[in-house]
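Colleague: can't give you the sequence, but here's the structure:
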């Protein structure tokens, strides 16, 4: 099980960005804009940032953002490196096509961990069949929908009405607010995660 259950604000402060997308992390970064720990104030970001440290931080940002453990993330990288094209962009495309990420991008979940829970609890259909594997990779033409019994869930309703998140261009919502179609694979310009993927490629290429 790769789900991180520790203190989220601590991870975000260590990496200098809101990883899990919660308000608590934003508040923690504003109040204590330095790494956690007894020496956090003296280890402000920007000091002694070696090339390896920068590469490692980018990898950790990506891994925690999408909720993968080290072995899973390494597998995604290796698969991306075997494809033609730019390895870093291939890697981000694979991560974006995860089912839990699609649920998050569609606006039905407030965070990726919440989207992961929706999927693992069996609240999602892909092409009319229940799928409970968060890492399931959707493909062009797939239709993802929230199951009928879940559509009245107060959390789903709140996320849909209050967050009112607009899906990216590679997802097509159409007329059904609880169904979305994968219009195409995402390109780098459509992925708004603040990552420098080339640093991750350099780290794994050593």
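Modeller: Received the coordinates, thanks. This one's a predicted model, so the numbers in the text were calculated from it and none came from an experiment.
Colleague: Give the buried residues for stretch 111-127.
Modeller: For stretch 111-127, a neighbour-count test (16 or more other Cβ atoms under 10 Å) marks 111-120, 123-126 as buried. Heads up, the C-betas are built off the backbone N, CA and C, glycines and all.
Colleague: Distance to residue 142 added to these, as TSV?
Modeller: What follows is the buried residues of stretch 111-127, written out as TSV (distance: Cβ to Cβ, whole Å):
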residue	distance to residue 142
111	22
112	19
113	22
114	21
115	16
116	18
117	21
118	17
119	14
120	18
123	17
124	11
125	10
126	6
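Colleague: can you tell me which of those residues are in strands?
Modeller: Judged by DSSP state E, strands contain the following of the buried residues of stretch 111-127: 124-126.
Colleague: Kindly state the pLDDT recorded for residue 174?
Modeller: pLDDT, residue 174: 84.
Colleague: For residue 165, see how far away it is.
Modeller: For residue 174, the distance to residue 165 (Cβ to Cβ, to the nearest Å) stands at 16 Å.
Colleague: higher neighbour count, these two?
Modeller: residue 165 (15 against 10; other Cβ atoms under 10 Å).
Colleague: The more buried one contacts residue 111, doesn't it?
Modeller: No: taking contacts as Cβ atoms under 8 Å, residue 165 lies outside contact range of residue 111: 11.3 Å.
Colleague: one step back: and the buried residues of stretch 111-127 as TSV, adding distance to residue 169 and pLDDT?
Modeller: Listed next are these as TSV, based on distance: Cβ to Cβ, whole Å; pLDDT from 0 to 100:
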residue	distance to residue 169	pLDDT
111	22	91
112	20	92
113	25	91
114	23	94
115	19	95
116	24	95
117	27	95
118	23	96
119	23	97
120	28	96
123	25	97
124	22	97
125	23	97
126	20	98
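Colleague: what's the single longest helix in the protein?
Modeller: Ordering each helix of the chain by length in residues (DSSP state H) puts helix 51-66 first.
Colleague: Quick check: buried residues in it?
Modeller: Buried residues in helix 51-66, counting neighbours by 16+ other Cβ under 10 Å, are found at 55, 57-66.
Colleague: which residues does the residue most central in space within the chain contact?
Modeller: Nearest residue to the geometric centre of the chain (Cα atoms, centre = their mean): residue 66, 3.3 Å. Taking Cβ atoms under 8 Å, 6 or more residues apart in numbering as the criterion, residue 66 is in contact with 95, 98, 101, 112.
Colleague: now do residue 166
Modeller: Per Cβ under 8 Å, 6+ apart, neighbours of residue 166: residue 107.
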